[in-house]
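Student: Here is a sequence together with a model predicted from it:
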Amino acid sequence: MTGTPGAAATRDGEAPERSPPCSPSYDLTGKNKVVTVDGVRVKLQIWDTAGQERFRSVTHAYYRDAQALLLLYDITNKSSFDNIRAWLTEIHEYAQRDVVIMLLGNKADVSSERVIRSEDGEMLAREYGVPFMETSAKTGMNVELAFLAIAKELKYRAGRQAEEPSFQIRDYVESQKKRPGCSFL
Ligand SMILES: Nc1nc2c(ncn2[C@@H]2O[C@H](COP(=O)(O)OP(=O)(O)OP(=O)(O)O)[C@@H](O)[C@H]2O)c(=O)[nH]1
């Protein structure tokens, strides 16, 4: 799932299935996930696209109707990071205009093999105006937060009341995310 829309989330509907990755302890791309946001259960249907080696063979139908796309790169793999721009261009062309996009730099636990600095991820995210954080499917760092932030955004959009203060997903992620190297995950 690296260098690709790692997970596309819709709140309901049909979606292609794909086996989840086996070894990491936390699954970024399980099929369904229910997240409780302010007492409301938001069901996310999640599907994983092919990896970078199959870049461009992914049918647009995979993400055309998605309400949210998690774009993952691997912090130990430069080409996965370089692919993100191409994906953002694709998404701009084919995805829903108001799709929620989040950029994730995964494998944050393997700092010894890091080739992409956090700042590079942050800069790219800023350029495209999307929230960013580093994650680890192995330790679970920021994994729940990624889904919670998406669920909060989708819930906010679905039930927005005029007097309700607006939910800013980027501010929320910045305030909640853990940085690699922090002793508390
Ligand atoms: N250390 C570490 N390993 C990870 C992490 N996430 C995935 N891996 C490992 O990286 C390898 C590839 O994981 P996948 O999730 O299959 O990668 P992928 O990019 O989805 O692969 P394709 O979608 O099939 O191209 C596996 O050996 C995983 O166990 C992580 O956060 N930390």
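Tutor: Looks like it came in fine.

Student: contacting residues around Gly105?
Tutor: Gly105 sits next to Leu72, Tyr73, Asp74, Ile75, Phe81, Ile116, Ser118, Gly121, Phe132, Met133, Glu134, Thr135 when contact means CB atoms under 8 Å, 6 or more residues apart in numbering. Bear in mind the C-beta positions are built from the backbone N, C-alpha and C, glycine included.

Student: I'd like to know how far the last one sits from Phe147.
Tutor: Between Thr135 and Phe147 the distance, using CB to CB, to the nearest Å, works out to 11 Å.

Student: Settle it for me: which of these two has more neighbours?
Tutor: The neighbour comparison of Thr135 against Phe147 (other CB atoms under 10 Å) goes to Thr135, with 29 against 23.

Student: okay, that one: pLDDT?
Tutor: Thr135 carries a pLDDT value of 96.

Student: That one contacts Asn142, correct?
Tutor: Yes: in this structure, Thr135 is within contact of Asn142 by CB atoms under 8 Å, at 4.5 Å.

Student: okay, and the common contacts of these two?
Tutor: Each of Leu104, Ala108 lies in contact with both Thr135 and Asn142 under the rule CB under 8 Å, 6+ apart.

Student: Report the entries of the contacts of Gly105 that also contact the ligand.
Tutor: Contacts with the ligand within the contacts of Gly105, counted by CB under 6 Å from any ligand atom: none were found.

Student: Which of those residues fall within strands?
Tutor: Counting by DSSP state E, the contacts of Gly105 place Leu72, Tyr73, Asp74, Phe132, Met133, Glu134 in strands.

Student: Please convert the buried members of those residues into PyMOL selection syntax.
Tutor: Per 16 or more other CB atoms under 10 Å, the buried members of those correspond to this PyMOL selection:
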select buried, resi 72+73+74+132+133+134
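
Student: nearest to Ser175, of the ones in strands among the contacts of Gly105?
Tutor: The nearest member of these to Ser175, counting by CB to CB, is Met133 at 11.1 Å.

Student: the strands in the protein, which residues?
Tutor: Under the criterion DSSP E, the chain contains strands at 4-10, 32-37, 40-47, 68-74, 100-106, 132-134.

Student: For the third one, the averaged confidence score.
Tutor: Right, the one you point to is strand 40-47. Averaging pLDDT along strand 40-47 yields 78.
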